[in-house]
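Student: Return atomic coordinates for the entry below.
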Amino acid sequence: MSEQLTQEQQAEQAEIEQARAEWVRKQFQKANEYLASKGIVPDNVSVQDSRYLPPYMAVWKLNTLQKQSFWVISGDLPTDHIALSAAENAREAVRAFSLQWQMKAQQIINAGIDDKTKHDFAQLLISRAESLYNMFEDEQLWQAEIA
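Tutor: Numbering: from 1, shown residues only. Model (predicted):
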């Protein structure tokens, strides 16, 4: 009986890993499509510098054909990018996105919110910026970076 349970647990673990890998693949594709929509042609990803926290966020260090590098964030939040020089690692990139989104939300609010779409977007930016900053501060999420 315990052997069967172990097989069930193994099958469940394999399913979880497959779902995780599929989520990571979709987020990678989303990040590449986002850069391409901005006229930036991705070439390759620095896997060792990228970080994933399914199903919330993925932070990618993407190198381009133009010999530039960017941090790109995707997941259950707006897809966005910043120059590689804005952050020395994925953790710092998370903080940079958080601060950038707080400033964008404030600019939207300061400009005067005249429709529901702008209001909702500003609220989304504020919410996700707060979540990102909490992730940035959570030492347990970044243990693998300590070497």
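Student: Using CSV, write out every CA atom in the helix or strand hosting Trp71.
Tutor: Element membership of Trp71, judged by DSSP states H and E, is strand 69-75. Output of strand 69-75 as CSV, limited to C-alpha atoms (Å, rounded to 0.1, in the frame of the first residue of the first chain):
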residue,chain,number,x,y,z
SER,A,69,20.8,43.0,-22.6
PHE,A,70,17.5,43.6,-20.7
TRP,A,71,15.7,42.5,-17.6
VAL,A,72,12.2,41.4,-18.6
ILE,A,73,9.4,40.6,-16.2
SER,A,74,6.4,38.5,-17.0
GLY,A,75,3.7,36.5,-15.2
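Student: same question for it, mean pLDDT?
Tutor: For strand 69-75, mean pLDDT is 97.
Student: Just the residues contacting it, thanks.
Tutor: Here strand 69-75 makes contact (CB atoms under 8 Å, 6 or more residues apart in numbering) with 27, 30-31, 34-35, 40, 46, 53-64, 79-84, 86-87, 90, 93-94, 96-97. From N, CA and C alone the C-beta is placed, and that goes for glycine too.
Student: tell me, which helix in the chain spans the most residues?
Tutor: Ranked by residue count and defined by DSSP state H, the top helix of the chain is helix 2-37.
Student: Which of the residues in it are classified as buried?
Tutor: Trp23, Gln27, Phe28, Lys30, Ala31, Asn32, Tyr34, Leu35 (16 or more other CB atoms under 10 Å).
Student: Which strands or helices does it pack on?
Tutor: strand 42-45, strand 51-53, strand 57-64, strand 69-75, strand 80-83 (3 or more CB pairs under 8 Å, 6 or more residues apart in numbering; DSSP states H and E).
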